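Trainee: model this:
(2 chains, ligands or ions: 2)
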2 protein chains.
Amino acid sequence: MNPNPIQLFDTESSTFTYILNVPGTKDAVIVDPVDHNLDRDLAHIARLGLHLQIVLETHAHADHVTSAGKLRELTGAKAAVPSGCGIPPAEMQLNDGDVISFGDGETIQVIHTPGHTAGSMSYLWRGNLFSGDTLLIDGCGRTDFQSGSAEALYDSVTGKLFTLPGATRIWPGHDYKGQSVSTIGWEREHNARLANRSREDFIVLMNNLNLPRPRLIDVAVPANRNLGLPHG
Amino acid sequence: MNPNPIQLFDTESSTFTYILNVPGTKDAVIVDPVDHNLDRDLAHIARLGLHLQIVLETHAHADHVTSAGKLRELTGAKAAVPSGCGIPPAEMQLNDGDVISFGDGETIQVIHTPGHTAGSMSYLWRGNLFSGDTLLIDGCGRTDFQSGSAEALYDSVTGKLFTLPGATRIWPGHDYKGQSVSTIGWEREHNARLANRSREDFIVLMNNLNLPRPRLIDVAVPANRNLGLPHG
Ligand SMILES: [Fe+2]
Ligand SMILES: [Fe+2]
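Mentor: Residues are numbered from 1 along each chain as shown, chains lettered A, B, ... in the order given. Ligands and ions are numbered 1, 2, ... in the order given. You can find the predicted model right below:
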């Protein structure tokens, strides 16, 4: 049987942070933690009696600053990041097909899913997909900065993520509508941007979104390339 | 191994709703759903491909209206409520020590924990305690209406809930500080209201909180006694 992760939400940036842990065991991984929630996340780890092993990033975020560096300092966890995201201080530089190990035989598969950013990774743990900003619930991440590419995102989602088993649970990096979790089966059939849409139509759609530039991008991206720590 | 529930949050009333389901199976229970989240919750059930079997209430809420009646109508689920909460239309009237069954051998233990209201129940499923408004993270529910009693709440928490195994995960009915989950072990040691405090001191503390009357109480309680459906 597969446990769900513990899903935590940041109300400021609508970011999900996840704690991966097999109930009854101590070892844990945290995915995409946010700087101003450091105390909250440390409190959860303490209340659950967990040992944090790895801080895992899906990409170099443009909308919030990670607490990876501080969590690493305070807990002794290792930082694991996509090799293509330009985050040199992380000790684990991940490539497509890598397998991350933690705890008693737990494994996380690394799937390179470029599109939202060129380096973006998705992670698969026990039937749970952490899709970052690549695949969102009934949507997908934007593709207009950080070497984003609508073409690449379409290929990542339809060619890689949609080939996973239908029951695979999707835990996205953000949600702006109060949604929390979905499945590959549902998104393959119903996703408003990606289901039943040709690659050509998707590219036109994404290239005409005309979204505002993220308020924090010039601060957040350089900070996240240093795991959220001040540049020395 | 024990799965975590899926935890959903209502931003208006800071209420947690939970979906209980063993990943890989279809049968599910929902705990404390909120009326204006009906569509959200139905969408989660659809996306996860679940069959809702039971809508479970921890008590007759004073701060929000349940969607139990509508969920029952739309999904065919049964409504299960504490027998002491005065909710006659529910087909399952629960008493202390009852065991609720669903799915393939799943069982939920019913623990009568009076104090926040006289009828309040807590529910234990696979190492997960759904504590309603009895035990909150680093706090507890108020005891000044609906036959609430500080004495009873102290006895329920210290005499019943704190005797559960320390690793039991606590999923509360509300949180107002961005917390999500705790454990019996942590609360037994650290809960700001209940750890290391005598029954006498707790009663004085609770009887001097001077909280405002809940805005929705005169609407919500009668509505919840009819599972959130209009009185016919
Ligand atoms: Fe992003
Ligand atoms: Fe309540």
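Trainee: nearest residue to A:P33 in space, please, no chain neighbours.
Mentor: Once flanking residues are discounted, A:P33 sits nearest to A:S67: 4.5 Å by CB to CB, 6 or more residues apart in numbering or on different chains. (C-beta placed from N, C-alpha, C; glycine too.)
Trainee: now the one you found: how far from A:S122?
Mentor: Between A:S67 and A:S122 the computed distance is 21 Å (CB to CB, to the nearest Å).
Trainee: spatially central residue in chain A, please.
Mentor: In chain A, the centroid-proximal residue (CA atoms, centre = their mean) is A:G132; its distance is 2.8 Å.
Trainee: show me what contacts it?
Mentor: A:G132 is in contact with A:32, A:58-59, A:113, A:116, A:120-122, A:141, A:172-173, counting by CB atoms under 8 Å, 6 or more residues apart in numbering or on different chains.
Trainee: tell me, how many residues neighbour the closest residue to it other than its chain neighbours?
Mentor: Take A:G132 and drop its neighbours on the chain: the residue closest to it by CB to CB, 6+ apart is A:T58, 2.9 Å away. By other CB atoms under 10 Å in any protein chain shown, the residues close to A:T58 number 26.
Trainee: A:S101 now?
Mentor: 11.
Trainee: likewise for A:T183?
Mentor: Neighbours of A:T183 (other CB under 10 Å): 22.
Trainee: now it: phi and psi?
Mentor: Per-residue torsions, A:T183: phi -130, psi 160 (degrees, to the nearest 10).
Trainee: run through the residues that contact it.
Mentor: Counting by CB under 8 Å, 6+ apart, A:T183 has contacts A:166-170, B:47-49.
Trainee: could you tell me how far A:A223 is located from A:H116?
Mentor: Distance from A:A223 to A:H116, by CB to CB: 18 Å.
Trainee: with neighbour numbers in mind, choose between those two.
Mentor: Neighbour comparison, A:A223 and A:H116: the larger count goes to A:H116, with 30 against 21 (by other CB under 10 Å).
Trainee: so what's the more buried one closest to, chain neighbours aside?
Mentor: Leaving aside its chain neighbours, A:H116 sits nearest to A:G141 (3.5 Å; criterion: CB to CB, 6+ apart).
Trainee: wait, that neighbour touches A:G115, no?
Mentor: Yes - counting by CB atoms under 8 Å, A:G141 does reach A:G115; the two are 7.3 Å apart.
Trainee: name the residues contacting each of the two.
Mentor: A:134, A:148, A:153.
Trainee: before we move on, the earlier item: got a list of what the residue nearest to A:P33 touches?
Mentor: A:33-35, A:37-38, A:41, A:55, A:228.
Trainee: just put the residues you listed in TSV and tack on neighbour count and distance to A:L209.
Mentor: Formatted as TSV, the contacts of A:S67 follow (neighbours: other CB atoms under 10 Å in any protein chain shown; distance: CB to CB, whole Å):
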residue	neighbour count	distance to A:L209
A:P33	27	28
A:V34	23	24
A:D35	19	27
A:N37	22	28
A:L38	15	32
A:D41	21	32
A:V55	28	31
A:G228	26	28
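Trainee: returning to that earlier point: against A:T17, how distant is the residue nearest to the centre of chain A?
Mentor: Separation of A:G132 from A:T17 (CB to CB): 12 Å.
Trainee: with adjacent residues omitted, what lies nearest to the residue of chain A found nearest ligand 1?
Mentor: The nearest approach of chain A to ligand 1 comes at A:D133, 3.7 Å away (CB to the ion). Once flanking residues are discounted, A:D133 sits nearest to A:G141: 3.2 Å by CB to CB, 6+ apart.
Trainee: need the pLDDT of the one you found.
Mentor: Per-residue pLDDT puts A:G141 at 98.
Trainee: what's the answer for A:V29, then?
Mentor: Reported pLDDT for A:V29: 98.
Trainee: so it is in which element?
Mentor: Using DSSP states H and E, A:V29 sits in strand A:27-31.
Trainee: what residues does the helix or strand just after that strand touch?
Mentor: Sequence-wise, the next helix or strand downstream of strand A:27-31 (DSSP H and E) is helix A:38-47. Around helix A:38-47, the neighbours that count as contacts under CB under 8 Å, 6+ apart are A:6, A:8, A:17, A:19, A:28, A:30, A:33, A:52, A:67, A:70-71, A:74-75, B:137, B:178-183, B:186.
Trainee: before we move on, what about stretch A:143-159?
Mentor: Contact partners of stretch A:143-159, identified using CB under 8 Å, 6+ apart, comprise A:59-60, A:62, A:112-120, A:122, A:134-135, A:140-142, A:194, A:199, A:202-203, A:205-207, A:209, A:211, A:213-214, A:217, A:221.
Trainee: those residues in helices, which ones?
Mentor: A:199, A:202-203, A:205-207, A:217, A:221 (DSSP state H).
Trainee: pLDDT, distance to B:V99 and neighbour count for those residues - can I get that in a markdown table?
Mentor: Putting these into a markdown table (pLDDT from 0 to 100; distance: CB to CB, whole Å; neighbours: other CB atoms under 10 Å in any protein chain shown) gives the following:
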| residue | pLDDT | distance to B:V99 | neighbour count |
| --- | --- | --- | --- |
| A:R199 | 98 | 53 | 12 |
| A:F202 | 98 | 50 | 20 |
| A:I203 | 98 | 55 | 17 |
| A:L205 | 97 | 51 | 15 |
| A:M206 | 98 | 52 | 22 |
| A:N207 | 95 | 57 | 11 |
| A:I217 | 94 | 54 | 14 |
| A:V221 | 96 | 53 | 21 |
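Trainee: let me know the closest of the contacts of A:S67 to chain B.
Mentor: A:N37 (7.4 Å; CB to the nearest CB).
Trainee: tell me the bridge partners for the residue lying closest to that closest one once chain neighbours are set aside.
Mentor: Leaving out its chain neighbours, the residue that sits closest to A:N37 by CB to CB, 6+ apart is A:D10, at 5.8 Å. Beta bridges link A:D10 to A:T15 when assigned by DSSP bridges.
Trainee: on the three-state scheme, whichever residue of chain A sits closest to ligand 2 is what?
Mentor: Closest approach between chain A and ligand 2, counting by CB to the ion: A:G178, at 21.3 Å. Three-state call for A:G178 (DSSP: H, G, I helix; E, B strand; the rest coil): coil.
Trainee: again with A:W186
Mentor: helix.
Trainee: against B:G119, how distant is it?
Mentor: Distance, A:W186 to B:G119, using CB to CB: 37 Å.
Trainee: still on that earlier bit, export the shared contacts of A:G141 and A:G115 to JSON lines and append columns for neighbour count, pLDDT and distance to B:P23.
Mentor: Below are the shared contacts of A:G141 and A:G115 laid out as JSON lines (neighbours: other CB atoms under 10 Å in any protein chain shown; pLDDT from 0 to 100; distance: CB to CB, whole Å):
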{"residue": "A:T134", "neighbour count": "29", "pLDDT": "98", "distance to B:P23": "22"}
{"residue": "A:G148", "neighbour count": "20", "pLDDT": "96", "distance to B:P23": "32"}
{"residue": "A:L153", "neighbour count": "28", "pLDDT": "98", "distance to B:P23": "27"}
